[in-house]
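1. Quick one, what's the 3D model for this:
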Amino acid sequence: MDTLNNLNDKKKTPYSISILILGISSIIFSFFLFGLILGLIGLHFSSKSQKVHENNPELYVDYNYVKAGRILSIIGIIITSLWFLFFVLVIGVGS
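-> Next comes the predicted model:
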C-alpha cells in the first residue's frame, strides 16, 4: 500500500507524451522536410525534460516516454536527412 501512495505522489515528466508524439510524427512525415522539424522540436523538448528529470529523478514517473521519444526523434531526423540527400542527388544527377 505504501508503494501505491508513492506512485500517486509522483508527477509526470514534463513534455513526456508530447515528445513521444513528436518522435512518432517525425518518422511518419520523414518523406517531407516536416519530419526534420518535428524531430528537432522533439529533441529540444527531450533535452529540457531530461534536465528536469536529472535534478529530481524521484519525483517523476514516466521518463521512459522521454527516452523513447528521443530515440524516435533521432531516427526521424536521420531518415529525413537521408531522403533529402537522395532527392538532392537525384535532382543533381538528373540535371
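
2. going forward, measure contacts and count neighbours with C-alpha atoms only.
-> Noted.

3. and residue 20, what does it touch?
-> 42, 65-66, 68-70, 72 (C-alpha atoms under 8 Å, 6 or more residues apart in numbering).

4. just the residues you listed now: which is nearest residue 89?
-> Each of the contacts of residue 20 was checked against residue 89 using C-alpha to C-alpha; the closest is residue 72, at 25.6 Å.

5. How many residues are close by the closest residue to that closest one other than its chain neighbours?
-> Distance criterion C-alpha to C-alpha, 6 or more residues apart in numbering; nearest residue to residue 72, sequence neighbours excluded, is residue 23 at 4.5 Å. For residue 23, the neighbour count with other C-alpha atoms under 10 Å is 29.

6. helix, strand or coil for residue 23?
-> helix (DSSP: H, G, I helix; E, B strand; the rest coil).

7. From residue 38, how far out is it?
-> 7 Å (C-alpha to C-alpha, to the nearest Å).

8. Need the residues touching each of the two.
-> residue 73.

9. Farthest pair within the contacts of residue 20?
-> Of all pairs in these, the most separated under C-alpha to C-alpha is 42 and 65 at 11.6 Å.

10. Report the set of residues contacting both of the two.
-> 19-20.

11. between the two, who's got more neighbours?
-> residue 42 (31 against 19).

12. thinking that one is in contact with residue 73, fair?
-> Yes: with contact defined as C-alpha atoms under 8 Å, residue 42 counts as touching residue 73 (5.9 Å).

13. Now for the two: what residues contact both?
-> 22-23.

14. Okay, buried residues for stretch 84-93 please.
-> Buried positions in stretch 84-93, judged by neighbour count with 16 or more other C-alpha atoms under 10 Å: residue 84.
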